[in-house]
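Undergrad: output the structure for:
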Amino acid sequence: MKGLVHPPAIYLYREFVDFRKSINGLAALVESETDLPLNSGALFLFTNKQRDKIKVLYWDTTGFALWYKRLEKAKFKWPVREKKQVFTLSQFELDRLLAGFTIIGHKPVEIRDFT
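TA: Model prediction:
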């Protein structure tokens with residue numbers, strides 16, 4: 001995602017979501033469960049129950065875009081024990097999360113070979 005968009009904010013939705021949801025379903029989730037503006041250009045991050053997939057929803061001034069990533073042999077380090085429903089991340093924390101680190105900087109995900 002680095003270099004593709006320059007978001008004003010990055011929001012991580014803590015609860016897992018049904019990954020059959022696409023743009024409309026995820027946008028409806030943001031509208032109904034948060035007070036965050038959808039059309040600001042901010043990134044909204046979601047994960048599935050197994051935490052091996054991530055979806056990023058954002059508005060790019062002409063419409064919504066959806067970015068999807070699946071890890072081969074690991075899980076995203078998602079804040080599951082926190083009480084807040086939505087977290088604000090920095091670009092650095094997003095880069096670390098997508099690279100397989102926890103957003104507080106612990107061990108990286110190790111993938112030795114492809115499946």
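
Undergrad: thought Thr88 was touching Ile10?
TA: Yes - assessed by CB atoms under 8 Å, Thr88 is found in contact with Ile10 at 6.8 Å. For every residue, glycine as well, the C-beta is placed using N, CA and C.

Undergrad: who's more crowded, these two?
TA: Ile10 (21 against 12; other CB atoms under 10 Å).

Undergrad: so the more buried one makes contact with Gly41?
TA: No - assessed by CB under 8 Å, Ile10 is found out of contact with Gly41, at 10.6 Å.

Undergrad: ok, longest helix in the chain?
TA: Using DSSP state H to define each element, the chain has its longest helix at helix 23-33.

Undergrad: contacts for that one, please.
TA: Contacting residues not belonging to helix 23-33 are listed as 13, 17-18, 21, 36, 38, 44, 46, 55, 57, 64, 66, 85 [CB atoms under 8 Å, 6 or more residues apart in numbering].

Undergrad: return the item of these having minimum pLDDT.
TA: Within the contacts of helix 23-33, the minimum per-residue pLDDT falls on Gln85 (79).
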